[in-house]
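Peer 1: Got a predicted structure plus its sequence, pasted below:
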Amino acid sequence: MREDRAINQPSNSKENPKSSPINQSILKICGPSHLKGNINISGAKNSALAAMAGTLLCSGTCRLHQVPSLADINRMGQVLSALGAKLEQNGNTLDVDASNLDTAEAPYELVRQLRASFFVIGPILARLGVARVPLPGGCAIGARPVDLHVRGLQALGAEVHIEHGIVNAYITGSKKKLQGAKIYLDYPSVGATETLMMAATLAEGETIIENAAQEPEVVDLANLCIAMGANIIGAGTKSIVISGVPKLHSVDYTIIPDRIEAGTFLIAGAITNSDITISPVVPQHLSAVISKLQSVGVKI
């Protein structure tokens, strides 16, 4: 049963929920009941967002399959369109043509709404030699969530300045190419790992990212870049080595299944003592939740 009402507002309130400044959809689950059937798992949102940014590295058309239908995906699509890319969606398949990428500045209003859209700074800088991307959430005082991104881009030879909530990055010199470098991340940030890995694919020379994030989404982005012609070794470990190439080519790529969604349905089946089948999945991505469920007697 689905009920729309304002946050913290009693369900029997006579106030019109639409008059409240904050609204959300609330799912009221009335049990007990058994679940039964086959469940199709969506593509991983976080992988899809990074992959969409990654398509900007390619001067041709990239086709992504299993792209989930979500508001954040739509927002990222708007960011790519504002940068000059052409998008065409057919169901869960998304075509991105970044051959005419011609705008180095991402729109503030869109980046403000979606933190993951900051990922475009790496591909834009690598392709155009300059990038202007707003800080996610606007101008912040003190430590910023993108500091690792900024320091990594500086290590690759970019000049980076932050003014009025805008990250301005540009490459000096006649070649307009980033230069390979050894980068140590203070902590294994997924976002910083992905941003720097993408930027390094088109850099001159070898880049090593130490203390890199090891999540499946990082590996998925690396696999996408490799399918486009990038030279990346070690994704999924603490040390990723990227040997830059002159350009990347078009690709047809399928996003990994969403491990959080899959795990949620596994737990739902377990607590309702139900027989369900979920697919597609990558079992290795679910090893933690599968192990815990099996330890309490759930058959998987």
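Peer 2: Great, that's in hand.

Peer 1: Report the separation between F118 and I267.
Peer 2: 32 Å (C-beta to C-beta, to the nearest Å). All C-beta atoms are positioned from the backbone trio N, CA, C, and that covers glycine.

Peer 1: between the two, who's got more neighbours?
Peer 2: F118 (23 against 14; other C-beta atoms under 10 Å).

Peer 1: Against G122, how distant is the closest residue in space to that one that isn't next to it in sequence?
Peer 2: Counting by C-beta to C-beta, 6 or more residues apart in numbering, F118 lies nearest to P136, which is 5.1 Å off, once chain neighbours are set aside. From P136 across to G122, the span is 14 Å (C-beta to C-beta).

Peer 1: So for those two, which sits in the more crowded spot?
Peer 2: Ranked by neighbour count (other C-beta under 10 Å), P136 and G122 place G122 first, with 32 against 20.

Peer 1: I'd say the more buried one and T193 touch.
Peer 2: No. Judged on C-beta atoms under 8 Å, G122 makes no contact with T193 at a distance of 10.7 Å.

Peer 1: what's the burial count for Q284?
Peer 2: The burial count for Q284: 9, using other C-beta under 10 Å.

Peer 1: likewise the one 5 residues further on?
Peer 2: Burial of V289 is recorded as 19 neighbouring residues (other C-beta under 10 Å).

Peer 1: got it, and the one 3 residues further on?
Peer 2: As a burial measure, K292 scores 14 neighbours (other C-beta under 10 Å).

Peer 1: Please report how far it lies from I271.
Peer 2: Using C-beta to C-beta, K292 is found at 13 Å from I271.

Peer 1: what's the answer for I26, then?
Peer 2: In this structure, I26 lies at 20 Å from I271, with C-beta to C-beta as the measure.

Peer 1: for T277, same thing?
Peer 2: For T277, the distance to I271 - C-beta to C-beta - is 17 Å.

Peer 1: Also V79?
Peer 2: To I271, V79 is 39 Å away according to C-beta to C-beta.

Peer 1: Then P107?
Peer 2: Distance from P107 to I271, by C-beta to C-beta: 43 Å.

Peer 1: quick one: which of those two has more around it?
Peer 2: The residue with more neighbours, out of P107 and I271, is P107; 16 against 13, by other C-beta under 10 Å.
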